[in-house]
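J.: Dropping a prediction and its sequence here:
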Amino acid sequence: MTNSIKLNTGKAFPSISATLLDGTQVDLGKAYGGADWHMLVVYRGTHCPLCTRYLNLLEEQKSALAEIGVSVLAVSADSKAQLTEHMEKLTVSYPIAYGLTEAQMKALGLYISAPRSAQETDHNFAEPGLFIINEQGNVQAVDISNVPFLRPELEVVVRGLSFVRSQDDYPIRGTVEY
């Protein structure tokens, strides 16, 4: 049996940083651009066509997320060169960071995979994760998968967040400890 960490909803999102293409270090859990909530999307890397599709679909939801005060950031374990290559396939305007380490993946409770071959990629990588961090810096919602084809539909996520944000007393779900 392997040990794994599960981020508890309602608790502080860990302070983890990664690098943007321009060299800027970003805190993966911090909202930006006037938003008070934040969505972090962890993707597998440039080798994954489903990730490319998902990131491009996320761009279509960016303005709806901004309207409800949610900023967007994506990150992978890819290198700067790999992200640069991937940007040629992406039509996104939100920031994407690179260099997520295995220790950071573990701190986020993500599944980690080894490449099937050198043609796929040259490093272990995180399987998909989606984190919603609220204005207190706490985990509001989380979705973690071990495969790229099990991810939440982004339109459903936006509708759900719109509903939650419109309520004064909607609780953070999944906080019962066991």
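T.: The structure has been received and is ready for your questions. Quick caveat: nothing in here was measured; it's all calculated off a predicted structure.

J.: Just the strands from the protein, written as ranges.
T.: 17-20, 25-27, 37-42, 70-75, 96-98, 112-113, 125-126, 129-133, 139-144 (DSSP state E).

J.: most tightly surrounded among those?
T.: strand 125-126 (a mean of 26; mean count of other C-beta atoms under 10 Å). Any C-beta I mention is one placed from the backbone N, CA and C, and that applies to glycine too.

J.: on that earlier part again, could you provide the strands of the chain in CSV, with additional columns for distance to residue 156 and mean pLDDT?
T.: Below are those laid out as CSV (distance: least, C-beta to C-beta, whole Å; pLDDT from 0 to 100):
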stretch, distance to residue 156, mean pLDDT
strand 17-20, 27, 98
strand 25-27, 27, 97
strand 37-42, 13, 98
strand 70-75, 14, 98
strand 96-98, 23, 98
strand 112-113, 26, 94
strand 125-126, 22, 94
strand 129-133, 12, 98
strand 139-144, 11, 97
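
J.: and residue 55, which of the ones you listed is closest to it?
T.: Of all the strands of the chain, strand 70-75 sits nearest to residue 55, with 5.8 Å by C-beta to C-beta.
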